[in-house]
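>>> Fold the following and give me the result.
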Amino acid sequence: MTAFVIEPAKRPLLGYATVPGDKSISHRALLLGALCRGTVRIRGLGTGEDNLCTAHAVHAMGAHVTGLAELVKARDAEITVSGVGLRGLTAPGRDIDCGNAGTAMRLLCGLLSAQRFDSTLFGDPSLTRRPMRRVIDPLSRMGARITGATGAKPGDIYPPLHVTAASGPLTAIDFPMSVASAQVKSAVLLAGLYADGVTRVTEPGSTRDHSERMLAHMGAPVRSSGKVAEIDTRGWDGSLHADIIDVPADPSQSAFILAAALLAGIERVTVARVCINRTRTGFLDVLADMNVLVEMESMRQDGPEPVADLSISRGAGDDLRAATVAGDVTVRAIDELPILAVIAARARGTTVFRDAAELRVKESDRIATTCAMLRALGCEVEEAADGFSVEGMPDRPFRPARIDAAGDHRIAMAGAVAGLAAAGPVRIDDVACVDTSFPGFADVLRGLGADIDVIAD
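As a prediction, the model looks like this:
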């Protein structure tokens, strides 16, 4: 078992950090790059295991990916995808391993639903416990035939998933989503590329729109307005094209670095070239509500996505105050809620997190594991069906603790950051999962001045 051991911060953090390319955008760059005509260069691709699973999947279906070995080694190399066109994918020689990547599995369901070959998707034990009916149901309405296993929740469907070859075009649908999910929306839109007519998705709340932005960037007939996104294939020749896709730094991973600076004390910490798409800036909005200013510098448009350098300086977080996180901001900060919970534990007052039932079906039951982590650190926390509340303890440090990350990369990183504000060493077990999204996480913290070791028992 691999573990982090973190010592309390002895000095403020200082430096300039580079985090991996955005995981969500990287998945889409690979999948949509495979559907383009001709070679697509992808710069800044996320090097976590989740994204590598998607790269291997498209490679296995005939869209050859080159440069992966150099990318993993250097973390800043460029890869190329030999796009085969909308209808050029071929049957993989073996079942497709999605590892821990729920995004890869759900988006591949949408893409594979329209192919003229059978395919099977499987994953690691954590992914095998994640329910898939919510993506399978709308795809089935479009004519997809996807079957899977039974699991913890009666009537739901779990991996491995078998996708039967399509016998003809899919059926366009008008799909009102009951739960906001960018993964489900994207899967339906990908399937809609192969449907006759208008495929429309209406969300109950705005989710990340990376699929719509990248599809539009590549020339797809996509429109989005507010909570509605649609693909209209009438009169479209099926052509997608992109010479270069620049993947910005992941705002979810950047959140852990900014939080580490807050908890350890700051001289000045800057994270370079971060995606600031509004659907991903809920973390920054919550920090503002908690009296923390994060500066956005060098703001610019980089391909389909807006980016900026994010900086946090001495004085930020000197008077952290509690906040309420609910509704749209919860959706826009869903991946950052564990680290926001750690920050809330250093604020004065009670911070309430609501409308986060989606966390129950992440890599872990992330509401339960977040609360368990905080209790181990000596915090008072109350769990609810769709969230939790945290009583801040700004006048005393976290207590030394041993935390089980439960195979969840965001719990592992949140626990590590919390250790910077503890009274003694904090150990987090089962942290190999961090490589799914942020390989080199410990090295980045260490480079800013944190005392963190990676050990193997």
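>>> List the single closest residue to residue 454 in space, sequence neighbours excluded.
residue 442 (5.2 Å; CB to CB, 6 or more residues apart in numbering). From N, CA and C alone the C-beta is placed, and that goes for glycine too.
>>> now residue 124
Excluding the flanking residues, the one nearest residue 124 by CB to CB, 6+ apart is residue 100, at 5.2 Å.
>>> Just say helix, strand or coil for the one you found.
coil (DSSP: H, G, I helix; E, B strand; the rest coil).
>>> I'd like to know how far it sits from residue 232.
35 Å (CB to CB, to the nearest Å).
>>> which of these two has more neighbours?
Neighbour count, other CB atoms under 10 Å: between residue 100 and residue 232, residue 100 has more, with 24 against 17.
>>> any idea of the pLDDT on the more buried one?
Here the pLDDT value assigned to residue 100 is 92.
>>> How about the contacts made by it?
By CB atoms under 8 Å, 6 or more residues apart in numbering, residue 100 lies in contact with 49, 50, 53, 123, 124, 126, 127, 363, 433, 436.
>>> Three-state assignment for residue 411, please.
Once three-state DSSP is applied, residue 411 turns out helix.
>>> Report pLDDT for the residue nearest to residue 454.
97.
>>> How far does stretch 331-338 stretch from one end to the other?
End-to-end distance of stretch 331-338 (CA to CA, to the nearest Å): 13 Å.
>>> Tell me which residues are up against it.
Contacts for stretch 331-338 (CB under 8 Å, 6+ apart): 180, 205-208, 252, 255, 278-283, 285-286, 325, 330, 340, 353, 355-356, 358-359, 366, 369-370, 373, 410-411, 414.
>>> Residue 108: which element?
helix 102-112 (DSSP states H and E).
>>> tell me what that helix is packed against?
Packing partners of helix 102-112 (3 or more CB pairs under 8 Å, 6 or more residues apart in numbering; DSSP states H and E): helix 23-35, helix 49-60, strand 119-122, helix 133-141, strand 158-163, helix 182-192.
>>> got those as JSON lines, with mean pLDDT, distance to residue 399 and mean neighbour count columns?
Listed next are these as JSON lines, based on pLDDT from 0 to 100; distance: least, CB to CB, whole Å; neighbours: other CB atoms under 10 Å:
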{"stretch": "helix 23-35", "mean pLDDT": "97", "distance to residue 399": "32", "mean neighbour count": "28"}
{"stretch": "helix 49-60", "mean pLDDT": "96", "distance to residue 399": "32", "mean neighbour count": "24"}
{"stretch": "strand 119-122", "mean pLDDT": "98", "distance to residue 399": "41", "mean neighbour count": "21"}
{"stretch": "helix 133-141", "mean pLDDT": "97", "distance to residue 399": "39", "mean neighbour count": "19"}
{"stretch": "strand 158-163", "mean pLDDT": "98", "distance to residue 399": "38", "mean neighbour count": "21"}
{"stretch": "helix 182-192", "mean pLDDT": "97", "distance to residue 399": "37", "mean neighbour count": "27"}
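>>> Residue 312: which of the ones you listed is closest?
Judged by CB to CB, the one of the helices and strands packed on helix 102-112 that comes nearest to residue 312 is helix 23-35, at 22.0 Å.
>>> Of the contacts of residue 100, which is the nearest to residue 145?
Nearest member of these to residue 145, counting by CB to CB, is residue 123, at 20.1 Å.
>>> Could you double-check that that closest one lies in contact with residue 98?
Yes - assessed by CB atoms under 8 Å, residue 123 is found in contact with residue 98 at 4.4 Å.
>>> who's more crowded, the two?
Higher neighbour count among residue 123 and residue 98: residue 98, with 26 against 23, using other CB under 10 Å.
>>> ok, that one to residue 41 distance?
25 Å.
>>> the bottom helix or strand of the protein by mean pLDDT?
The weakest-scoring helix or strand in the chain, judged by mean pLDDT, DSSP states H and E, is helix 68-74 (a mean of 75).
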